[in-house]
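Chemist: Quick one: sequence plus predicted model below, questions after.
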Amino acid sequence: MMNSESHRTLLEAARQPTPLVLLLALSLLVLPLQALCDSPQAPALGSWPTLRSHLYGTRSIGEVGDELMSVEAPASTPEPSATPVTIHFGDGLAGALKQVRVIIDNNPSPLVATIDLSSKLPLDEIDLRVRIDRFTSVRAIAETTDGRLEMRSTWVNASGGCSAPPSAAAGGTLGEIRFRPSSAGKALQISIRHPNNSGFQIDPRTGDPIAPHFISHIALRAGENTLLTAETGISISENPTLRIAARTALPVPLTFEATDVPTQARYTATWEP
Amino acid sequence: MPGATQWRAILVPIVAALGCSTLAEAQDVSQTFTIDQVAPGVFVHTGKPLALDAPGHDDIANIGFVTGKRCVAVIDTGGSTRIGRALRAAIRRYSPLPVCYVITTHVHVDHVLGNLAFKNSGALFVGHAALTDALLRSRDFFLRNYPSDLDTPVTPEQIVAPDLQVSVGNEVALDLGDRRLTLHAWPKAHTDCDLTVYDTQTGTLWTGDLLFIRRAPVVDGSVRGWLTAIDSLAHMELKRVVPGHGPVTDDLAAALAPERHYLQTLLAQVSAEIARGESLQEALREGDPDDKANWLLWDEAHRHNVARVYQELEWE
């Protein structure tokens, strides 16, 4: 198990996720690989107990009621390296959210994203596309503006999503950003062309590891107002995608910014329907 | 991973289960390995329409060989070294001639793992110019998930890459001695490395997985590219078609129609979902098209296809 030194590193990384520190710290959480044949009926809890105590201490976390919040993902993912995860928020949470974390217990880097939200953006849905390495719980923890915690989770069966080599369909213009609105302007999907290399992939030609190169920070602004910021890690899929759905029409114009590591390249685009 | 993810998502759960069975359970397939001569000198072993989680998952693809006066060309070798060796033994029953070519129609595991049975036999391995990269991308996945379909101990060298590459736009003719095979490499369609083999003498086309009959098609390359390839195939004057999966047929138009209809339906459905701003999650949630009734093993393929096609179309 981990010593106190690595605990502290992890704690700091989680609170203040400087991308490289985050990567280093989370790499300590690499879980022992289970033999294929030992797969249990239910996935192991993996990193969750450790992450829980570091991120939320002994605070109580509500876990009851699908109307309040739910996590949706295909039970057996048709594509482990690009699995959609949708978090739905009901009446009690939409508009009262301060932060949402997404965690994939059994991934080499379990903390997928830490999303901070403005109360000006009453979201009832957040959707990401993630890599899933093996049978796991996928969980979301929401913190409300008044300090309440709610968590919901689902199981996903998959294999190899984190180490899958880059797709042959990869490419396009690095950093190209697409906006795709729907539902009368109340929902918006934002996609960015980026390899989001996890650092766990191998170049099939050379056999060498592919260096991590991923989007580490995103922000969504409407004029002076920052509506959403997120720290994101290597469990996000190639060509990262964020979709939000709100109760009311989204403000326009909306500016999306993304920063990657280690190059610190910044990509930005504005949606003006 | 196109070319590489391929059947990854669908195969994994099964392989996880099958990987646990012991080698002792493996049957001696050579005793029961069937070959049909569908035209003079054209021999086909018909793969079984089995679910990917069924025993015998290594014997689901159509494989076979063509004999000339000088030598034999093998077209695909099955999903295990066991099936590859059964094919090699079967060839001996029909021809004393050496195997000079082993042609791989694409990277998928059910067509390629038997190649090892012909390694160091003097045969030249032939494939699409993109096959080598596709095999490299898939190799670790094969080794990790199909150890019981390879020889023990499992080594990367067991995944055999082509010696002779056929590039798109440059057909290659192979002479088997008074018998010519024409190899055509396709732009991205079923995978990114589809190769078809035409036997001039009997008018027989081996389509690889550009043609699925009865078994639900799997998209790992490009749905648009595949539909274009189907249009090209439909214009070919052929006497007979050996599909990648399903029965050999002389009615090409009838064989292509269900596949074209499914892919057109898939393309239309996913395009509409993207145009409406629906997420991948919503696309996966969408009900099955009526096409479902036409296909075997639908569930293994359709959701995978929706995910692949969604990602193909969303950047157009």
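Modeler: It's in. As the structure is a prediction and not an experimental result, all values here were calculated from the model.
Chemist: quick one: B:Q264 is in a strand?
Modeler: No. Using DSSP: H, G, I helix; E, B strand; the rest coil, the assignment for B:Q264 is helix, not a strand.
Chemist: ok, it to chain A distance?
Modeler: Remark: distance between B:Q264 and chain A (CB to the nearest CB, to the nearest Å) = 20 Å. Where you see a C-beta, it was placed from the backbone N, CA and C, and this is true even at glycine.
Chemist: Could you report the distance from the residue nearest to that residue when sequence neighbours are not counted to chain A?
Modeler: Leaving aside its sequence neighbours, B:Q264 sits nearest to B:L227 (CB to CB, 6 or more residues apart in numbering or on different chains; 6.7 Å). Remark: distance between B:L227 and chain A (CB to the nearest CB) = 17 Å.
Chemist: Now find how far off-centre the helix or strand containing B:L227 is within its chain.
Modeler: Using DSSP states H and E, B:L227 maps to helix B:223-234. Computed by CA atoms, centre = their mean, to the nearest Å, the chain-centroid distance of helix B:223-234 equals 16 Å.
Chemist: Can you list the buried residues in that helix?
Modeler: Using 16 or more other CB atoms under 10 Å in any protein chain shown as the test for burial, helix B:223-234 gives B:223-227, B:229-230, B:233.
Chemist: And these, which is closest to B:G68?
Modeler: Ranked by distance to B:G68 (CB to CB), these are led by B:L233 at 24.4 Å.
Chemist: neighbours of the nearest residue to B:Y262 once chain neighbours are set aside, just the number please.
Modeler: In space, B:Y262 comes closest to B:D291 once its chain neighbours are excluded; the distance is 4.8 Å by CB to CB, 6+ apart. When neighbours are defined as other CB atoms under 10 Å in any protein chain shown, B:D291 has 18 of them.
Chemist: Helix, strand or coil: sort out B:D291 for me.
Modeler: Per three-state DSSP, B:D291 ends up helix.
Chemist: That one touches B:R260, doesn't it?
Modeler: No. Using CB atoms under 8 Å, B:D291 makes no contact with B:R260, being 11.0 Å away.
Chemist: Specify the beta-bridge partners of whichever residue of the stretch 51-200 of chain A sits closest to chain B.
Modeler: Per CB to the nearest CB, A:S182 is where the stretch 51-200 of chain A lies closest to chain B, at 2.3 Å. Listed beta-bridge partners, A:S182: A:A187 (assigned using DSSP bridges).
Chemist: Show the contacting residues for it.
Modeler: A:188-189, B:276-278 (CB atoms under 8 Å, 6 or more residues apart in numbering or on different chains).
Chemist: Out of those, which end up buried?
Modeler: For the contacts of A:S182, a burial check counting by 16+ other CB under 10 Å picks out A:188-189, B:277-278.
Chemist: Could I get the full set of strands for the stretch 1-150 of chain B?
Modeler: Secondary structure of the stretch 1-150 of chain B (DSSP state E, counting those that start in this stretch): strands located at B:36-39, B:42-45, B:63-67, B:72-75, B:99-103, B:124-128.
Chemist: So what's the model's average confidence on the first one?
Modeler: Right, the one you point to is strand B:36-39. What strand B:36-39 shows for mean pLDDT is 98.
Chemist: who touches it?
Modeler: Residues outside strand B:36-39 that contact it (CB under 8 Å, 6+ apart) are B:43-46, B:94, B:199, B:202, B:204, B:239-240, B:242, B:248.
Chemist: quick one on the thing from earlier: any idea which of the contacts of A:S182 is closest to B:R88?
Modeler: Closest to B:R88 out of the contacts of A:S182 is B:E278 (49.4 Å), distances taken as CB to CB.
Chemist: Distance check, that closest one against A:A245.
Modeler: Distance, B:E278 to A:A245, using CB to CB, to the nearest Å: 11 Å.
Chemist: Mind putting the buried ones among the contacts of A:S182 into CSV with pLDDT?
Modeler: Output for these, formatted as CSV (pLDDT from 0 to 100):
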residue, pLDDT
A:L188, 95
A:Q189, 95
B:G277, 89
B:E278, 91
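Chemist: ok, which pair from the residues you listed is furthest apart?
Modeler: A:L188 and B:E278 (12.3 Å).
Chemist: ok, for the residue of the stretch 201-316 of chain B at minimum distance from chain A, nearest residue in space, not its chain neighbours?
Modeler: Residue of the stretch 201-316 of chain B nearest chain A, by CB to the nearest CB: B:G277 (2.3 Å). Leaving aside its sequence neighbours, B:G277 sits nearest to A:S182 (CB to CB, 6+ apart; 2.3 Å).
Chemist: Tell me who's in contact with B:L97.
Modeler: B:L97 sits in contact with B:67-68, B:70-72, where contact means CB under 8 Å, 6+ apart.
Chemist: so who does the residue nearest to B:Y262 touch?
Modeler: Contacts for B:D291 were tallied using CB under 8 Å, 6+ apart; they are B:258, B:261-262, B:265.
Chemist: same thing with B:E282?
Modeler: Going by CB under 8 Å, 6+ apart, B:E282 touches B:E273.
Chemist: Work out for me the element it sits within.
Modeler: Here B:E282 sits within helix B:280-285, counting by DSSP H and E.
Chemist: which is the next helix or strand following that helix?
Modeler: Downstream of helix B:280-285 (by DSSP H and E), the next one is helix B:298-313.
Chemist: So for residue 203, what pLDDT did the model give?
Modeler: Just so you know, I chose chain A. pLDDT, read off for A:D203, is 83.
Chemist: Please refer instead to chain B.
Modeler: On the pLDDT scale, B:G203 is placed at 98.
Chemist: what's the span of stretch A:217-227 from first residue to last?
Modeler: Length of stretch A:217-227, first residue to last, CA to CA, to the nearest Å: 14 Å.
Chemist: now the residue in the stretch 1-150 of chain B that chain A sits nearest to, nearest residue through space, not along the chain?
Modeler: Nearest to chain A in the stretch 1-150 of chain B, going by CB to the nearest CB, is B:L136, at a distance of 3.5 Å. Distances taken as CB to CB, 6+ apart put A:P204 closest to B:L136, at 3.5 Å, once the chain neighbours are dropped.
Chemist: B:D133 is in contact with the one you found, correct?
Modeler: Yes. Using CB under 8 Å, A:P204 is in contact with B:D133, at 6.8 Å.
Chemist: B:Y198 - nearest residue in space that isn't next to it in sequence?
Modeler: If you skip the residues right next to it in sequence, B:Y198 has B:T182 as its closest partner in space, 4.4 Å away by CB to CB, 6+ apart.
Chemist: The nearest residue in space to B:T77 that is not next to it in sequence: neighbouring residues, count only.
Modeler: Leaving aside its sequence neighbours, B:T77 sits nearest to B:G114 (CB to CB, 6+ apart; 2.9 Å). Per other CB under 10 Å, the neighbour tally for B:G114 reads 30.
Chemist: Report pLDDT for residue 171.
Modeler: Since you didn't name a chain, this refers to chain A. A:G171 is given a pLDDT of 67.
Chemist: I was after chain B.
Modeler: B:E171 is assigned 97 on the pLDDT scale.
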